[in-house]
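Peer 1: Next comes the sequence, and after it the predicted model I'd like to discuss.
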Amino acid sequence: MPCLALELDTSVDEEIRKNYNPSKLELESLPPLPEVKPTSQPAQKPPLEVVDIPESAGSLPPLTPADKKPVISKIDKSTAIRIKKGTKFTVKSRQAVSDATRAGSRLSFVSQRAVTQRYVTIPQGTVFKGEVYDSHLPQLSGNGGLIVIGIDSMVFRGSTVGIKAKITKANHKKIFFNNIKGKRTYWKSTANSLKPGTKFYKKMMRATSKLADGTITVILTPFTVVAGVAVYAVNFVGSPLFGLFGKGGRISVPAGSEFEIKLLEDVYLL
C-alpha cells in the first residue's frame, strides 16, 4: 500500500554539540526559577457530592405473595399424621382463571367443608395453593382452550405443607387428566361449512321451478339443477377439510367457582 515517510538528518545536532556548550547556553539565556516553599499540609481534594438514588430506580418491582412459591416445611414422617392418597377437598377459587392465563401463574383456593381423617381434621377455610402448569387459547381444527392446574401446597396450622393434587371437578363439571378444556367444535365447524353449499343448492332449485313453468325456459332447467348439485357436492366433500379452519371454544372460570381437589400422594402433617 502507498505510504508517506520522512527521513530526519541528526548530524546537525552533533555539529552543534561540538562547537557549542548547550548546558552553558541554557544557564545564560533562561531566567532563574522562583523559589517555592513546600507546604506542611497536603492539598485537600474537594468533597464528593452525594446524590440520593431512589430504591426503585433500575430494579424490578417486588413480587407479590401470589407470584411467590411457598416455602415448604420439612416434616418427620415417623411422627407425623398421614392423610391418605385419594382424599378429596371441595374448594373455591380466589382468582379468575382462563385459557389466556399464562403458565406459571399462582392460584389459591379455600376449602368449603371440613375433612376428617384419623387423628386429624382439615378445617373449613384451609388455604390450598397451586400453579397453572399449561394453557393455550383455542386452536385450529376445533381444538378448544386449555387450562392445566396443579395443587402443590396447603396451609395447615400456620405451616405450609407440600402436597401433590389435581383438579377433578371445575364448576361441578368432571375434569379428565387434569385438563380443563374448552368446547371442541370440529363437527360444528364442519356442519357450518355446509351452509353455503346448501343455500346455493336451494336457490338453484327455486330457479329450476320458475324456469319449468315456461314453455321456452324449461330447456334451461338442467343447467340450474346441475349447478346446484355440483356446488353442493363439492361443499359436502370438502366440509371435513373446511372444518379444520374453525377454532374451538374459549374456557374461563370466574373467581369464587367451586373446584374439587384430589390428593395424588399421601400427605404428612405435624
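Peer 2: All right, it came through fine. Numbers count the residues shown, from 1 in each chain.

Peer 1: Contact partners for the residue nearest to Ser252 when sequence neighbours are not counted?
Peer 2: Residue nearest to Ser252 in three dimensions, not counting chain neighbours: Ser98, with 3.9 Å by C-beta to C-beta, 6 or more residues apart in numbering. Just so you know, the C-beta spots here come from the backbone N, C-alpha and C atoms, and that holds for glycine as well. Contacts for Ser98 were tallied using C-beta atoms under 8 Å, 6 or more residues apart in numbering; they are 145, 147, 250-253.

Peer 1: do the same with Asn178
Peer 2: Contacts for Asn178 (C-beta under 8 Å, 6+ apart) come out as 148-150, 166-167.

Peer 1: now those residues in JSON lines, with neighbour count?
Peer 2: Shown next, in JSON lines, are those (neighbours: other C-beta atoms under 10 Å):
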{"residue": "Val148", "neighbour count": "19"}
{"residue": "Ile149", "neighbour count": "27"}
{"residue": "Gly150", "neighbour count": "16"}
{"residue": "Lys166", "neighbour count": "18"}
{"residue": "Ile167", "neighbour count": "22"}
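
Peer 1: Of the residues you listed, just say which sits nearest to Thr224.
Peer 2: Thr224 lies nearest to Val148 out of the contacts of Asn178, by C-beta to C-beta, at 53.5 Å.

Peer 1: Surely that closest one and Phe176 touch.
Peer 2: No. Between Val148 and Phe176 there is no contact under C-beta atoms under 8 Å: 11.7 Å.

Peer 1: contacts for the longest helix along the chain?
Peer 2: The longest helix of the chain (DSSP state H) is helix 221-242. For helix 221-242, contacts defined as C-beta under 8 Å, 6+ apart pick out 189-191, 193-194, 196-198, 200-205, 207-208, 211-212.

Peer 1: For the stretch 51-200 of the chain, which segments are assigned as helices?
Peer 2: 186-193, 195-212 (DSSP state H, counting those that start in this stretch).

Peer 1: Please tabulate those helices in CSV, including the columns distance to Pro138 and mean neighbour count.
Peer 2: Formatted as CSV, the helices of the stretch 51-200 of the chain follow (distance: least, C-beta to C-beta, whole Å; neighbours: other C-beta atoms under 10 Å):
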stretch, distance to Pro138, mean neighbour count
helix 186-193, 11, 16
helix 195-212, 21, 15
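
Peer 1: Tell me which of those helices approaches Leu270 most closely.
Peer 2: Short answer: helix 186-193, nearest of the helices of the stretch 51-200 of the chain by C-beta to C-beta, at 50.7 Å.

Peer 1: can you give me the angle that closest one makes with helix 221-242?
Peer 2: Taking axes from the mean of the first three to the mean of the last three C-alpha atoms, to 10 degrees, one finds helix 186-193 and helix 221-242 inclined to each other by 160 degrees.
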